[in-house]
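1. What would the 3D arrangement of this be:
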Amino acid sequence: MHPQFSGGGTADTDIPVHCLYFGGFCKQKEQVIRLCDDAFEQPFGEREDALLLMQKINSAAEIIFAYAESVAGYVAMYANDYSSRTAYITLIGVRPEWQRKAIGSSLLKAATDVALEKGMERILLEVRDDNRGAVSFYEKNGFRYWEKAGDKSSYMIRDIASRQD
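-> Residues are numbered from 1 along each chain as shown. All right, here's what the predicted structure looks like:
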């Protein structure tokens, strides 16, 4: 079985966005995530929950990545909660040299397309409350505050069932 790809780009960038679907591609998922470690204040591999999160990603997550000469960014998401019809974005990262070039927005659009294809009606994500740049980015991409997730983070949600873009 080979990875399945769907393409695109945005009006703001020529960088194609491709979807790598789950299956026997655990090593590739981890490689994509680790290539973008510099997108985060704390690299993924140094997170306390990195091993558990990587196991979950390997078992059921979709990885959507943008690339030019190399991987520019990715989003890891689950689109398998058919009772609530809610997809969940667990990680999104864009390498610093590719930030502010519409890569993140392209990745969210591709994640929305995948979620819709899988019958989801909304997308949920968790963001640190002190990460104002991320909160603003998500708001610009149609997410809104939903509820507190913990002491230092909140859930944001985007309804996609009637998306018109």
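2. Okay, and the beta partners of M156?
-> Note on M156: beta-bridge partners by DSSP bridges are L125, Y145.
3. So what's the residue count around it?
-> 23 (other Cβ atoms under 10 Å). Using the backbone N, CA and C atoms, a C-beta is placed for each residue, glycine as well.
4. do you know how far it is from L51?
-> The gap separating M156 from L51 is 26 Å, by Cβ to Cβ, to the nearest Å.
5. With E62 instead?
-> E62 is 20 Å from L51, by Cβ to Cβ.
6. which of the two has more neighbours?
-> Taking neighbours as other Cβ under 10 Å, E62 and L51 compare with E62 leading, 23 against 10.
7. Nearest residue to the middle of the protein?
-> Residue closest to the average C-alpha location in the chain (Cα atoms, centre = their mean): V75, at 2.4 Å.
8. which residues make contact with whichever strand or helix holds it from outside it?
-> Following DSSP states H and E, one finds V75 within strand 71-78. Residues from elsewhere that reach strand 71-78 (Cβ atoms under 8 Å, 6 or more residues apart in numbering): 15, 29, 32-33, 35-36, 39, 57, 60-66, 87-95, 97-98, 103-104, 107-108, 110-111, 114-115, 123.
9. Now, of the residues you listed, which are buried?
-> Among the contacts of strand 71-78, those scoring as buried are 15, 29, 32-33, 35-36, 39, 57, 61-66, 87-89, 91-95, 98, 103-104, 107-108, 110-111, 114-115, 123 (criterion: 16 or more other Cβ atoms under 10 Å).
10. Which is the succeeding secondary structure element to the strand holding V75?
-> strand 86-94.
11. Check the protein for its longest helix and report it.
-> helix 103-117 (DSSP state H).
12. Who are the packing partners of that helix?
-> strand 17-20, strand 62-67, strand 71-78, strand 86-94, strand 122-128 (3 or more Cβ pairs under 8 Å, 6 or more residues apart in numbering; DSSP states H and E).
13. tilt between it and strand 86-94?
-> Helix 103-117 and strand 86-94 are oriented at 160 degrees to each other (axes from the mean of the first three to the mean of the last three Cα atoms, to 10 degrees).
14. check contacts around the residue nearest to E30 when sequence neighbours are not counted.
-> Distances taken as Cβ to Cβ, 6 or more residues apart in numbering put M54 closest to E30, at 6.0 Å, once the chain neighbours are dropped. Counting by Cβ under 8 Å, 6+ apart, M54 makes contact with 29-30, 33.
15. make it 10 Å
-> By Cβ atoms under 10 Å, 6 or more residues apart in numbering, the contact set of M54 is 26, 29-30, 33-34, 44-45, 47, 61, 76.
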